[in-house]
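Fold the following, please.
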Amino acid sequence: MLLSGGIDSSTCVAYFLDQGFKVEAVFVSYGQVASTRELRAAKSVCRLFHVPLHLIRLVQSTSKGPGLIIGRNAFLICAAVLEAAKNARVVAIGIHSGTRYRDCSPLFVRHLQSLFDVCTGGSVQISAPFVKWTKRDIWQLAMRLKVPLSRTYSCERGRKQPCGKCDSCSDLEILRASKNQ
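Next up, the predicted model:
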């Protein structure tokens, strides 16, 4: 399970645990400015759920600011497959609909799965259970599964207080606005 420490991936961990899967989390540090806070959140979520956490660190990467990072989800999934235990059959990611990113779509998952079918002989499946869900759907599942949302971190700028402007913060603002209607 790819775990960034944010709401979506933390809820995805809870989802798979609720489904009876044995879950191991993977955090990838690839130069994102929020890496320190994200990793702290991922560790906290893993401790609570009693899930082992593996760290992959891209050395000498350039700093990645907020917004679109081309190839990010493909890189994250490929890194998880490369480092996954030999008996891992599923690599999960908490991407969801409603974003402007092409690598958060069913088409992206299908194409990457085709590549993995060639690379792994069909032995590893990508699971993106929220790919057609809205942020509100994920939030509702998080509430039902008692995901510790106060332990998550979702600001792309890596600040102590969320910036309120990046795509992750905007996602949360849309969610708050829809809850107040």
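
Now do the end-to-end distance for stretch 121-137.
Counting by Cα to Cα, to the nearest Å, you get 33 Å between the two ends of stretch 121-137.

for it, the distance to its chain's centre please.
How far stretch 121-137 lies from its chain's middle: 11 Å, per Cα atoms, centre = their mean, to the nearest Å.

what is the mean pLDDT for it?
For stretch 121-137, mean pLDDT is 93.

Start the count at 7 instead of 1 going forward.
Will do, 7 is the new start, and the previous item becomes stretch 127-143.

Give me the residues contacting it.
The contact list for stretch 127-143 (Cβ atoms under 8 Å, 6 or more residues apart in numbering) reads 13-14, 17-18, 21, 83, 87, 90, 94-104, 110-112, 115, 118-119, 122, 144, 177-178, 180-181, 184-185. For the C-beta atoms, the positions are set from N, CA and C on the backbone; glycine is no exception.

Stretch 75-95 too?
8, 30, 32, 34, 36, 38, 60, 62, 70, 97, 99, 101, 107, 109-110, 114, 118, 122, 125-126, 129-132.

one more time with 7 Å, if that's ok
With Cβ atoms under 7 Å, 6 or more residues apart in numbering as the test, stretch 75-95 has contacts from 8, 30, 32, 34, 36, 60, 62, 97, 99, 101, 109-110, 114, 118, 122, 129-132.

got it, and stretch 97-104?
Residues contacting stretch 97-104 (Cβ under 7 Å, 6+ apart): 7-8, 14-15, 17-18, 22, 79, 82-83, 86-87, 90, 110, 130, 132-134, 136-141, 144.

among those, which ones are buried?
Buried members of the contacts of stretch 97-104, counted by 16 or more other Cβ atoms under 10 Å: 7-8, 14-15, 17-18, 22, 79, 82-83, 86-87, 90, 110, 130, 132-134, 136-137, 139-141, 144.
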